[in-house]
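Novice: Sequence first, predicted coordinates after that:
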Amino acid sequence: MITRVEQPNLLMHTHQRLRRALCAAAASLLTASACAPAVPDGASAATPSAHGHLLIVGGGTQPAELVERFVELAGGPGRARIAVVPMASEAAEESGREKAADLRRLGADAFVLNLSRAQALTDSAARLLNGATGVWFSGGDQSRLTAVLAGTPTLDAIRARWRAGAVVAGTSAGAAVMPDSMLTGNQVRAGTDTVGYYGDEYPDVRRGAIQVVAGLGFLPGTLIDQHFIRRERHNRLLAAVLERPTLLGVGIDESTALEVAPDGRWTVRGASAVFVYDARDARVTPASAPVLGASAIRTHLLVPGTVFDPATGRATLP
């Protein structure tokens, strides 16, 4: 049964002149985007995109400021219409109901979209997202969420709302699903487990240990790990990034969020910090090497108020 609960209520001057002249001469043939000014040398390659914000929370307790920011990005009290998508949780119905209630207390019109795979495949479920200005993915197990939504009209509808300007947010598992490459939390263990080697511990950095599958694709070019500092997950994210050095590794701690603006820049909000592992220019041992090693990895520790440009790899600290 679909649970749906509602409440009322971003060369020089010569090149730029030439570009403008060409655009004026061919205005009937060229699009406005083709006539946009060139990006100056040294400027960010990030450009405004036709979509809304992302608010990616690293799990744990959510400070009031983060939830209030989510409602603000969704339109603010009295205007925000938010779908809570709780299927990552084992107790999806209860989890969704509690989050929707929290959002209503902040003046949002919040409803729960708790779906099975069969329901997510229907156009009727997708239409429930009409007019939504925000979507919240709850915590739990990210694989449960992707199993329900991947390749469905409902996910298409969420993406459509995001392209129309809605904010898409999630915490913990709801954060892990944001990239197009997703950490599942599963690992391949070599030989016999060592003492104290449990599912949430990653005692080494090596190849083939970390499972990565397809995510939901809202933040391409990244791998997101959550509860990052609190649960000491550096080994997991570093190993995964060194095997995929074109991807930025983003470790978001608890009670902390990464806000991704439509221009592509990231802002850190909340109580702790975000680690970024950038191996795009690193030297990594080849896949045939017996061990995984690397040099010239760039590491950023981004505290609240930091703005980071993933296109240039530059951070502006507060």
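Specialist: That came through fine. Numbering: from 1, shown residues only.

Novice: name the helices or strands packed onto the helix or strand containing L155?
Specialist: L155 belongs to helix 153-163 when assigned by DSSP states H and E. The helices and strands touching helix 153-163, judged by 3 or more CB pairs under 8 Å, 6 or more residues apart in numbering; DSSP states H and E, are helix 117-120, helix 123-127, strand 134-137. For the C-beta atoms, the positions are set from N, CA and C on the backbone; glycine is no exception.

Novice: can you give me the strands in the stretch 1-150 of the chain?
Specialist: Counting by DSSP state E, counting those that start in this stretch, the stretch 1-150 of the chain has strands at residues 54-57, 81-85, 109-112, 134-137.

Novice: Any chance of those in JSON lines with distance to A74 and mean neighbour count as columns?
Specialist: Output for the strands of the stretch 1-150 of the chain, formatted as JSON lines (distance: least, CB to CB, whole Å; neighbours: other CB atoms under 10 Å):
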{"stretch": "strand 54-57", "distance to A74": "9", "mean neighbour count": "27"}
{"stretch": "strand 81-85", "distance to A74": "6", "mean neighbour count": "26"}
{"stretch": "strand 109-112", "distance to A74": "9", "mean neighbour count": "24"}
{"stretch": "strand 134-137", "distance to A74": "3", "mean neighbour count": "28"}
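
Novice: Now do the buried residues in the helix holding L155.
Specialist: When burial is assessed from 16 or more other CB atoms under 10 Å, helix 153-163 yields the following buried residues: 153-155, 157-159, 161-162.

Novice: Closest one to A74 out of the residues you listed, please.
Specialist: Of all the buried residues of helix 153-163, R161 has the smallest distance to A74: 10.4 Å, by CB to CB.

Novice: what's the burial count for the nearest residue to the closest one once chain neighbours are set aside?
Specialist: Spatial nearest neighbour of R161, excluding adjacent residues (CB to CB, 6 or more residues apart in numbering): A132 at 5.1 Å. Number of residues near A132 (other CB atoms under 10 Å) recorded here: 25.

Novice: Quick check: which ranges of the stretch 101-250 of the chain have low pLDDT?
Specialist: Low-confidence segments of the stretch 101-250 of the chain (pLDDT under 70): 190-200.

Novice: before we move on, back to that, mind putting the helices and strands packed on helix 153-163 in a markdown table, distance to A287 included?
Specialist: Rendered in a markdown table, the data for the helices and strands packed on helix 153-163 read as follows (distance: least, CB to CB, whole Å):
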| stretch | distance to A287 |
| --- | --- |
| helix 117-120 | 35 |
| helix 123-127 | 41 |
| strand 134-137 | 33 |
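
Novice: between the ones you listed, which gets nearest to G174?
Specialist: Evaluated with CB to CB, the helices and strands packed on helix 153-163 place strand 134-137 nearest to G174, the distance being 3.0 Å.

Novice: which outside residues touch that closest one?
Specialist: Among residues not part of strand 134-137, those counted as contacts by CB atoms under 8 Å, 6 or more residues apart in numbering are 70-71, 73-75, 80-85, 88, 99, 103, 108, 129, 145, 158, 161-162, 166-171, 173-175, 177.

Novice: Can I get the strands of the stretch 1-150 of the chain in TSV including distance to V205?
Specialist: As requested, those are arranged in TSV below (distance: least, CB to CB, whole Å):
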stretch	distance to V205
strand 54-57	24
strand 81-85	33
strand 109-112	40
strand 134-137	29
